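1. can you look at this prediction? I've put the sequence above it.
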Amino acid sequence: AQSVTQLDSQVPVFEEAPVELRCNYSSSVSVYLFWYVQYPNQGLQLLLKYLSGSTLVKGINGFEAEFNKSQTSFHLRKPSVHISDTAEYFCAVTPTHSGAGSYQLTFGKGTKLSVIP
Amino acid sequence: EAGVAQSPRYKIIEKRQSVAFWCNPISGHATLYWYQQILGQGPKLLIQFQNNGVVDDSQLPKDRFSAERLKGVDSTLKIQPAKLEDSAVYLCASSLDRGSGNEQFFGPGTRLTVL
């Protein structure tokens, strides 16, 4: 089984300031990692994912994340945030292999990012 | 390409009533998922279909929830009878196939309020 912990439930940040949203995971098997964004009254949209290769992953809207296997972390960063980045962000994992055929995503509880003008 | 469609967007019912949600995935996507997102939490998988077969329904409360994807395309999720704790957003997602590297595309969700 997998679990995901998002350490901050809310993060306020001023416009054009940098931001880091923290994510730690626990799993007994290898996992792939994802960050999703959810704007108000909308579904989830994939920001970026780590499957293999370089541990620094770049996504849409200027976001990037770094996979750290030893610390079981996958923190999301953006060097300069915009008002339009105000949303809820979810970290998720899925096993790389599943004998039962189910590759369900296990999500964290989310971090609400509020960008202050 | 058209995204995942869900209806209705909002539903308010009283406890013990029944309700149904509909999802139409992206054309050609073999895998369909239903998630429950309770306020303040991340989405939790209820059921996963591969074409018209169930892959995983281990977290579906089968005494009151049911789901079907008869022709391997659109899907319906039903709750009968509803309880107060079923108040949540129900998200439908689809992916090209069920491998873990396949991106899941989410619909806008149906917000259910049970009074």
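-> Great, that's in hand.
2. residue A:3 and residue A:26, how far apart?
-> Per C-beta to C-beta, to the nearest Å, residue A:3 is found 5 Å from residue A:26. Quick note: C-beta positions are derived from backbone N, CA and C, even for glycine.
3. can you map out the strands along chain B?
-> B:5-7, B:10-13, B:19-24, B:31-37, B:44-50, B:53-56, B:65-68, B:75-79, B:88-95, B:105-106, B:110-114 (DSSP state E).
4. chain A too?
-> A:2-6, A:10-14, A:19-21, A:23-27, A:31-38, A:44-50, A:56-58, A:64-68, A:73-78, A:87-95, A:106-107, A:111-116.
5. the fifth one close to chain B?
-> Yes. Part of strand A:31-38 sits near chain B under the criterion C-beta under 8 Å from any C-beta of the partner chain, namely A:32, A:36.
6. can I get the strands of chain B in JSON lines with mean pLDDT, mean neighbour count and distance to chain A?
-> Putting the strands of chain B into JSON lines (pLDDT from 0 to 100; neighbours: other C-beta atoms under 10 Å in any protein chain shown; distance: least, C-beta to the nearest C-beta, whole Å) gives the following:
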{"stretch": "strand B:5-7", "mean pLDDT": "96", "mean neighbour count": "17", "distance to chain A": "8"}
{"stretch": "strand B:10-13", "mean pLDDT": "97", "mean neighbour count": "15", "distance to chain A": "10"}
{"stretch": "strand B:19-24", "mean pLDDT": "97", "mean neighbour count": "19", "distance to chain A": "11"}
{"stretch": "strand B:31-37", "mean pLDDT": "95", "mean neighbour count": "24", "distance to chain A": "8"}
{"stretch": "strand B:44-50", "mean pLDDT": "94", "mean neighbour count": "21", "distance to chain A": "4"}
{"stretch": "strand B:53-56", "mean pLDDT": "90", "mean neighbour count": "16", "distance to chain A": "4"}
{"stretch": "strand B:65-68", "mean pLDDT": "96", "mean neighbour count": "18", "distance to chain A": "15"}
{"stretch": "strand B:75-79", "mean pLDDT": "97", "mean neighbour count": "19", "distance to chain A": "15"}
{"stretch": "strand B:88-95", "mean pLDDT": "95", "mean neighbour count": "23", "distance to chain A": "6"}
{"stretch": "strand B:105-106", "mean pLDDT": "92", "mean neighbour count": "22", "distance to chain A": "4"}
{"stretch": "strand B:110-114", "mean pLDDT": "96", "mean neighbour count": "19", "distance to chain A": "8"}
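7. quick one, which of those is nearest to residue A:62?
-> Comparing the strands of chain B by their distance to residue A:62 (C-beta to C-beta), the top pick is strand B:105-106, with 21.4 Å.
8. packing partners for that closest one?
-> Where contact means 3 or more C-beta pairs under 8 Å, 6 or more residues apart in numbering or on different chains; DSSP states H and E, strand B:105-106 is packed against strand A:44-50, strand B:88-95.
9. if we can go back for a sec, which one, of the strands of chain A, ends up nearest to residue B:38?
-> Nearest to residue B:38 among the strands of chain A is strand A:106-107; the distance by C-beta to C-beta comes to 11.5 Å.
10. point out where chain A drops to low pLDDT.
-> A:98-102 (pLDDT under 70).
11. got the residues of it near chain B?
-> So far as C-beta under 8 Å from any C-beta goes, chain A lies against chain B at A:4, A:32, A:36, A:41-46, A:49, A:51, A:90, A:92, A:94-98, A:100-105, A:107-110.
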